[in-house]
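>>> model this:
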Amino acid sequence: MAGVLVPEAYITYTSSVDGMNKEKKPMTNLSRSDYRTLVLAALGGALEFYDFIIFVFFAAVIAKLFFPPSMPDWLSQLQTFGIFAAGYLARPLGGIVMAHFGDLLGRKRMFMLSIFLMSVPTLAIGLLPTYTVIGIWAPLLLLALRVLQGAAIGGEVPGAWVFVSEHVPQRHAGFACGTLTAGLTGGILLGSLVATAINRMYSPVELLAEGWRVPFIIGGLFGLLSAWLRQWLHETPVFREMQARQELADELPLKTVIREHRPAVILTMLMTWLLSAAIVVMILMTPTLVQKLYAVPAAVALQANSIATLFLSAGCVVFGALADRYGAGRVLVAGCVMLGITSALFYQQMSVAPQNINGLYALCGFFVGVIGVVPSVAVKAFPPVVRFSGLSFSYNVAYAVFGGLTPVVVSMLLPLDRMAPAHYVVVLSGVGVMIGMYLWRRT
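The predicted structure is shown next:
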């Protein structure tokens, strides 16, 4: 932002075109401190995403334990997923509030608060009495804890992107944000692996008795450890300089974002739509869809999903690094073209050669990693003084809307088109190509 004194590695200038910020790229390399920051941030992000996602892997068990035994299975299952969805609905509010204080009080404080706010409810869920012990208070407390988790994840994701991007030299912002995104997606893989291990270690009776508590207690304890480790991180140089120069926002940061940075908000929301479509459809929904549509055994589908998620994490790092080298626009265009092609190829081949699911899903998962380009572009779209608020508002609102509507839209289209999941991703890949071309022309 004009008038803000920042270190040489963070020099920016503001362009009047669309309110976007173009940033010079000094020839500096990542230091040992930068790598330590990336590792701690990615590790904490993985554990926090694990805490948020582990709920869904034990939804069937939770449905039996936290609702009346006389309630039909379908109804208890529906209410359990409703509690899971409540976490998503809480994301925008939690993200906006935490971002507000992140722009005024500091990135590090909110970065530590978000993981603490996630870890405590996760640990509490693992210790929560069931319906047979405290009755109706069991699902109500579970709902309250889930809302706290949603508020935490709403602040964690954009806060982490801002934190690492303001720590590293700008010529490595894509790699840093891609690495952090890989950590977040790694949390999904960690949740899947832990759920698989717990189900193998415990019999169905033991799982209902106490086994289901183990992954929540583990997640809570490791999350608290990660919160403690984050105390060794330093406030970002960008925020320290703004604070020293007394250049912090003099009004509600979100008000400034909505009044002065609408193009950046729209751009970030569109990119979030692409991100949510790729993750929700190809990573979260596909294992169930291939079982239903192509009779792929559950064990095979879940194994392939773990492989795809691993390749997704690698893809986030690769595409983030490529964006630093060749420009985010070019990389987004190429990556989205391949995402559309591999998504269509995967679903087309499942109907004729399901035995190739591992290789096809891995290939597709890698190109889902093009989402690793999104955070660095979104971070640079807002000036530092309102960066946290702008990114958090745009990302969380868009993810709550598009992430929530995507499963509904795809499910409604399935009776009309068995390739609906792939076609949905292809359409959003087209949106990604247009965004990439726009960024390419600007640079």
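>>> Tell me the spacing between residue 405 and residue 293.
From residue 405 across to residue 293, the span is 21 Å (Cβ to Cβ, to the nearest Å). Where C-beta positions appear, they are placed from N, C-alpha and C, glycine not excepted.
>>> ok, these two, which is more surrounded?
Set residue 405 next to residue 293 and count neighbours by other Cβ atoms under 10 Å: residue 293 wins out with 17 against 13.
>>> distance from the centroid: which residue in the protein tops it?
Distance from the centre of the chain peaks at residue 70, with 36.7 Å (Cα atoms, centre = their mean).
>>> mind checking the SS state of that one?
Counting by DSSP: H, G, I helix; E, B strand; the rest coil, the backbone at residue 70 sits in coil.
>>> I'd like to know how far it sits from residue 131.
Taking Cβ to Cβ, one finds residue 70 at 11 Å from residue 131.
>>> Residue 176 now?
Taken as Cβ to Cβ, the span from residue 176 to residue 131 is 45 Å.
>>> Who has more neighbours out of those two?
Each of residue 176 and residue 131 has its neighbours counted (other Cβ under 10 Å); residue 176 has more, 32 against 19.
>>> wait, doesn't that one sit right on residue 169?
No: applying Cβ atoms under 8 Å, one finds residue 176 not in contact with residue 169, separated by 9.1 Å.
>>> Does residue 340 touch residue 425 like I think?
Yes: using Cβ under 8 Å, residue 340 is in contact with residue 425, at 6.7 Å.
>>> more neighbours, those two?
Looking at residue 340 and residue 425 with other Cβ under 10 Å, you find the greater number of neighbours at residue 425, namely 30 against 21.
>>> Would you tell me what the next helix or strand after the longest helix seen in the chain is?
Criterion DSSP state H: the longest helix present in the chain is helix 137-167. Tracing the chain past helix 137-167, the next element assigned as helix or strand by DSSP states H and E is helix 173-201.
>>> residues of that next one that come out buried?
Buried residues in helix 173-201, defined by neighbour count with 16 or more other Cβ atoms under 10 Å: 173-192, 194-195, 198-199.
>>> what's it packed up against?
helix 32-57, helix 137-167, helix 213-229, helix 298-326, helix 374-380 (3 or more Cβ pairs under 8 Å, 6 or more residues apart in numbering; DSSP states H and E).
>>> by how many degrees do the following helix or strand past the third one and helix 137-167 diverge?
Using DSSP H and E, the helix or strand that directly follows helix 213-229 along the chain is helix 237-244. Here helix 237-244 runs at 90 degrees with respect to helix 137-167, directions being taken by axes from the mean of the first three to the mean of the last three Cα atoms, to 10 degrees.
>>> Now helix 237-244 - C-alpha only, PDB.
Presented in PDB, the C-alpha positions along helix 237-244 are these (Å, rounded to 0.1, in the frame of the first residue of the first chain):
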ATOM      1  CA  PRO A 237       7.900  -8.100   8.900                       C
ATOM      2  CA  VAL A 238       5.100  -6.500   6.800                       C
ATOM      3  CA  PHE A 239       2.800  -6.100   9.900                       C
ATOM      4  CA  ARG A 240       5.700  -4.900  12.100                       C
ATOM      5  CA  GLU A 241       6.600  -2.200   9.700                       C
ATOM      6  CA  MET A 242       2.900  -1.100   9.300                       C
ATOM      7  CA  GLN A 243       2.700  -1.000  13.100                       C
ATOM      8  CA  ALA A 244       5.900   1.000  13.500                       C
END
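>>> buried stuff in it?
Neighbour-count burial for helix 237-244 [16+ other Cβ under 10 Å]: 238-242.
>>> Over to stretch 353-368?
Within stretch 353-368, the residues that qualify as buried are 354, 357, 360-368, counting by 16+ other Cβ under 10 Å.
>>> Just the residues you listed: which are in helices?
Per DSSP H, the buried residues of stretch 353-368 map to helices at 357, 360-368.
>>> who's in contact with residue 96?
Counting by Cβ atoms under 8 Å, 6 or more residues apart in numbering, residue 96 makes contact with 154, 254, 389, 392-393, 396.
>>> Generate TSV for those residues, with pLDDT, distance to residue 162 and neighbour count as supplementary columns.
As requested, the contacts of residue 96 are exported to TSV (pLDDT from 0 to 100; distance: Cβ to Cβ, whole Å; neighbours: other Cβ atoms under 10 Å):
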residue	pLDDT	distance to residue 162	neighbour count
154	83	13	31
254	84	15	19
389	90	10	31
392	90	8	34
393	92	13	26
396	90	13	28
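>>> unless I'm mixing things up, residue 380 is touching residue 174, no?
No: using Cβ under 8 Å, residue 380 is not in contact with residue 174, being 9.7 Å away.
>>> Quick check: the two most widely separated of the contacts of residue 96?
Maximum pairwise distance among those (Cβ to Cβ): 13.6 Å, between 154 and 254.
>>> about what we covered before: between the longest helix of the chain and helix 173-201, how many degrees?
Using the same axes, to 10 degrees: helix 137-167 against helix 173-201 is 150 degrees.
>>> how far does helix 137-167 sit from the chain's center?
Remark: helix 137-167 is offset 11 Å from the chain centroid, using Cα atoms, centre = their mean, to the nearest Å.
>>> can you pull the buried residues of that helix?
Buried residues in helix 137-167, counting neighbours by 16+ other Cβ under 10 Å, are found at 138-139, 141-142, 145-167.
>>> Now do it and helix 32-57, the angle between them.
Going by the same axes, to 10 degrees, helix 137-167 makes 160 degrees with helix 32-57.
>>> Taking helix 213-229 as reference, get the angle to helix 137-167.
40 degrees.
>>> where does the stretch 151-300 of the chain have low pLDDT?
Applying pLDDT under 70 to the stretch 151-300 of the chain flags residues 247, 249-250.
>>> that older thread, touching both of residue 176 and residue 169, which residues are there?
residue 34.
>>> Residue 160 is in contact with residue 46, isn't it?
No: applying Cβ under 8 Å as the test, residue 160 and residue 46 come out as separate, 10.7 Å apart.
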